[in-house]
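Colleague: attaching a predicted model along with its sequence, questions to come.
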Amino acid sequence: MKRKVRKFLRTSAILTVLTVSGIAALYKFVLIAPVTQGHDFDLYLYPNTSAQEIVSMISEADSEARTFGLQCWLKLWKYDLNPKSGCYTVRSMASAKNVAGTINSGRQTPVNLTLRSVRKTGQIARDISRQIMADSAQIASILNDEAILDSLGYTQATVYCMIMPNTYQVYWNVSPRALVERLASEREIFWNSERREKAAAIGLDQLQVTTLASIIEEETAMADELPMVAGLYMNRLHKGMLLQADPTVIFALGERPKRVLKAHLQVDSPYNTYKHAGLPPAPIRFVNSRSIDAVLNYTQHQYIYMCAKEDFSGYHNFAASYSKHMENARRYQRALNQRGITK
């Protein structure tokens, strides 16, 4: 009898050891084992993305991924009852528990949102939608909502002041409303006390600086020429001359002709600086910070005329007299004619 008891106890002890060892092995080699050993990659999860879809996405990103442990954790934590949208980075060698915990808790990885300097709200809406979860129609709707713009201190005309091309870190699932509010706050940060003081020193307010910056950005793509062009328009403003900026005419036309002709200069619009003195009422595009700084730090010179160089380099010939300007203009027009550009 005693022998049977001892045998039973030994068997029980062995089974206990095996069970504990099995659990330990399961925990070590499955539940906290690395999901992937290859490389880091991002998962973009929409609302209601299921746990099984997450596993499939990881398997597609890494054919050698070990996902059983991940499935166990997501099921244990009942992920499917409260799925989380967003961008999540799966790190190389990260454990199943770590990956599941990151996704289940909604600890997203911020994404870089890069905004270009463009001419239309529709363009910037499309640029944004390519980089976050919201679609372009949602973003455009916010940018055209007069009540929302008014709450932020802008109008549909001054919306070009509100968003500054730059790179921002945001969450991929940020709402369009929250994003627009964030971008508006970034503009306030940009206009620090130093820039406000410089604007006051040259006799312009923030809207006027941004408006002039939008014109010079249209006039030249050459960053080193921006302060020169800004100085030219400041000279015209100081002399009470018409700005006669072709980009404002193009904005008023609503389309971009290959060549601005005399007939185009007659367009009836407050943005037509061939007809109306001073700056137009608002910017004509979204504006880079470098263009704003070029206005605030414009080059002081005597030039009041400019014409594209006849070599089509993108640079301009500047002139202080009308006669010299006409020489420059004739050279450029001959170059246009030689290329067959007539309208």
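Modeller: Okay, I see it.

Colleague: where in this protein is pLDDT low?
Modeller: 1-32, 261, 342-343 (pLDDT under 70).

Colleague: just want the most central residue of it.
Modeller: Nearest to the mean C-alpha position of the chain, by CA atoms, centre = their mean, lies Leu115 at 2.5 Å.

Colleague: pretty sure it is touching Ile124, no?
Modeller: Yes. The pair Leu115 / Ile124 is scored as a contact, 6.4 Å apart, by CB atoms under 8 Å. C-beta here means a position set from N, CA and C on the backbone, and glycine is covered the same way.

Colleague: now do the shared contacts for these two.
Modeller: 163, 286 (CB atoms under 8 Å, 6 or more residues apart in numbering).

Colleague: ranges for the helices of the stretch 151-300 of the chain?
Modeller: For the stretch 151-300 of the chain, applying DSSP state H, counting those that start in this stretch gives helices covering 159-162, 176-190, 193-201, 206-219, 226-239, 246-253, 289-296.

Colleague: Arg177 versus the closest residue to Leu152 other than its chain neighbours, what's the distance?
Modeller: Leaving out its chain neighbours, the residue that sits closest to Leu152 by CB to CB, 6 or more residues apart in numbering is Ala184, at 4.8 Å. Between Ala184 and Arg177 the computed distance is 11 Å (CB to CB, to the nearest Å).

Colleague: so for those two, which sits in the more crowded spot?
Modeller: Ala184 (20 against 15; other CB atoms under 10 Å).

Colleague: Pro110: what's it in contact with?
Modeller: 87, 169-171.

Colleague: so Met140 sits against Asp127, correct?
Modeller: Check again: residue 140 is Ala, not Met. No. With contact defined as CB under 8 Å, Ala140 does not count as touching Asp127 (11.3 Å).

Colleague: deepest-packed of the helices of the stretch 151-300 of the chain, please.
Modeller: Compared across the helices of the stretch 151-300 of the chain, helix 206-219 shows the largest average neighbour count, a mean of 24 (mean count of other CB atoms under 10 Å).

Colleague: any idea how far that one is from the chain center?
Modeller: Relative to its parent chain, helix 206-219 has a centroid offset of 20 Å by CA atoms, centre = their mean, to the nearest Å.

Colleague: now do the contacts for the closest residue in space to Leu115 that isn't next to it in sequence.
Modeller: Nearest residue to Leu115, sequence neighbours excluded (CB to CB, 6+ apart): Pro165, at 4.6 Å. By CB under 8 Å, 6+ apart, the residues touching Pro165 are 115-118, 286-289.

Colleague: how much space between Pro165 and Asn297?
Modeller: With CB to CB as the criterion, Pro165 and Asn297 are 19 Å apart.

Colleague: what do you get for Asp40?
Modeller: Taking CB to CB, one finds Asp40 at 41 Å from Asn297.

Colleague: same check on Glu310?
Modeller: 29 Å.

Colleague: go on, Ala157?
Modeller: Counting by CB to CB - Ala157 and Asn297 are separated by 26 Å.

Colleague: what does Arg339 give?
Modeller: The value you get for Arg339 to Asn297, if CB to CB is used, is 35 Å.

Colleague: those two: which is more packed in?
Modeller: Under the criterion of other CB under 10 Å, the comparison of Arg339 against Asn297 puts Asn297 first, with 13 against 9.

Colleague: can you pull the contacts of the closest residue to the more buried one other than its chain neighbours?
Modeller: Nearest residue to Asn297 in three dimensions, chain neighbours excluded: Pro227, at 6.1 Å (CB to CB, 6+ apart). By CB under 8 Å, 6+ apart, the residues touching Pro227 are 294, 297-299.

Colleague: returning to what we had before: which among the helices of the stretch 151-300 of the chain is found nearest to Tyr44?
Modeller: helix 176-190 (16.4 Å; CB to CB).

Colleague: residue ranges for the strands of the stretch 1-150 of the chain, please.
Modeller: Shown for the stretch 1-150 of the chain, the strands assigned by DSSP state E, counting those that start in this stretch span residues 41-45, 86-90, 111-114.

Colleague: pick the most deeply packed of those strands.
Modeller: strand 86-90 (a mean of 20).

Colleague: that strand pairs with which strands, and in what direction?
Modeller: The strands beside strand 86-90 in its sheet (DSSP bridges) come out as strand 41-45 (antiparallel).

Colleague: for the strand it pairs with, C-alpha coordinates in PDB please.
Modeller: Provided in PDB are the C-alpha atoms of strand 41-45 (Å, rounded to 0.1, in the frame of the first residue of the first chain):
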ATOM      1  CA  PHE A  41       6.800  48.100 -39.900                       C
ATOM      2  CA  ASP A  42       3.600  50.100 -39.400                       C
ATOM      3  CA  LEU A  43       0.000  48.900 -39.200                       C
ATOM      4  CA  TYR A  44      -2.700  51.300 -40.300                       C
ATOM      5  CA  LEU A  45      -5.900  50.200 -38.500                       C
END
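
Colleague: so how far is it off the chain centroid?
Modeller: For strand 41-45, the distance to the chain centre is 19 Å (CA atoms, centre = their mean).

Colleague: run through who's touching it.
Modeller: 54, 57-58, 61-62, 83-90, 103, 109, 133, 172.

Colleague: from those, which would you call buried?
Modeller: 54, 57-58, 61-62, 83-88, 90, 103, 109, 133, 172 (16 or more other CB atoms under 10 Å).

Colleague: pick the one among the residues you listed closest to Trp77.
Modeller: Ile103 (9.5 Å).
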